[in-house]
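J.: Take this sequence and fold it.
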Amino acid sequence: MKKPSSCCKLLRRSPLEAERYYPWHNKGVALYYLSRYDESLAALDHAHELDPGHSSTWCGLGVTLTALDRYDEALAAFDKALKLDNEDAETWTGMATLLLKLDQPDRALTVAEHALGLDLELVLAWVAKARVLRVLRVLGRSDEAAEAERRAAELDAIQQST
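T.: Okay, here's the model as predicted:
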């Protein structure tokens with residue numbers, strides 16, 4: 001798998017792809033993972049302008065806007081993504097993270113569990129559930145948090161080895 005910075009270099013080198021959706025989407029995702037959120041947002045916005053019908057771009061916008069603490073816009077982006085694809089576990093996971101930041105842990109837990117119902121092997125969903133459960137420890141859910149963290153680490157190790 002290419003490193004995120006390599007993906008950005010690839011986009012600069014392929015001008016024929018410059019006005020297609022996927023290179024811009026991929027650049028936005030790579031920049032997000034490099035914590036270059038403003039640049040990520042610009043690339044994802046451009047991908048969206050080129051083709052607004054992709055739920056993955058709306059999800060990427062939601063995740064990036066969450067990282068930028070632009071929660072109302074993030075919520076709108078996740079809602080749009082879910083209207084396009086209600087079965088996308090990654091979007092539900094992003095929504096769970098946003099709800100936790102909005103201090104809605106009970107709702108965030110429900111959403112994280114829904115994401116896991118869609119994809120039990122999605123590491124980010126297990127991480128989101130563990131984070132929510134850490135917040136909810138006062139409700140006696142520390143064992144669930146530990147199990148979610150263990151499962152996320154186990155799946156991550158399996159995915160890293162393949």
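J.: Give me the neighbour count for residue 162.
T.: The criterion is other CB atoms under 10 Å. On that basis, residue 162 has 4 neighbouring residues. Every C-beta, even on glycine, is put in place using the N, C-alpha and C of the backbone.
J.: measure it to residue 45 for me?
T.: Distance of residue 162 to residue 45, computed by CB to CB, to the nearest Å: 33 Å.
J.: likewise residue 97?
T.: 20 Å.
J.: Who has more neighbours out of these two?
T.: residue 97 (23 against 15).
J.: which SSE is the more buried one in?
T.: Taking DSSP states H and E as the definition, one finds residue 97 inside helix 89-101.
J.: And for that helix, what's in contact with it?
T.: Outside helix 89-101, the residues that touch it by CB atoms under 8 Å, 6 or more residues apart in numbering are 55-56, 58-59, 62-63, 66, 69, 71, 74-75, 78, 81-82, 85, 105, 107-109, 111-112, 114-116, 118-119, 122, 124-125, 128-129, 131-132, 135.
J.: Can you tell me which of these end up in helices?
T.: If you go by DSSP state H, the contacts of helix 89-101 have 55-56, 58-59, 62-63, 66, 71, 74-75, 78, 81-82, 105, 107-109, 111-112, 114-116, 118, 124-125, 128-129, 131-132, 135 in helices.
J.: Longest helix in this protein, please.
T.: Longest helix in the chain, counting by DSSP H: helix 142-161.
J.: Now do that helix against helix 123-135, angle only.
T.: Calculated by axes from the mean of the first three to the mean of the last three CA atoms, to 10 degrees, helix 142-161 forms an angle of 160 degrees with helix 123-135.
J.: For helix 142-161, what is the distance to the chain centroid?
T.: Centroid displacement of helix 142-161 relative to its chain, using CA atoms, centre = their mean, to the nearest Å, is 17 Å.
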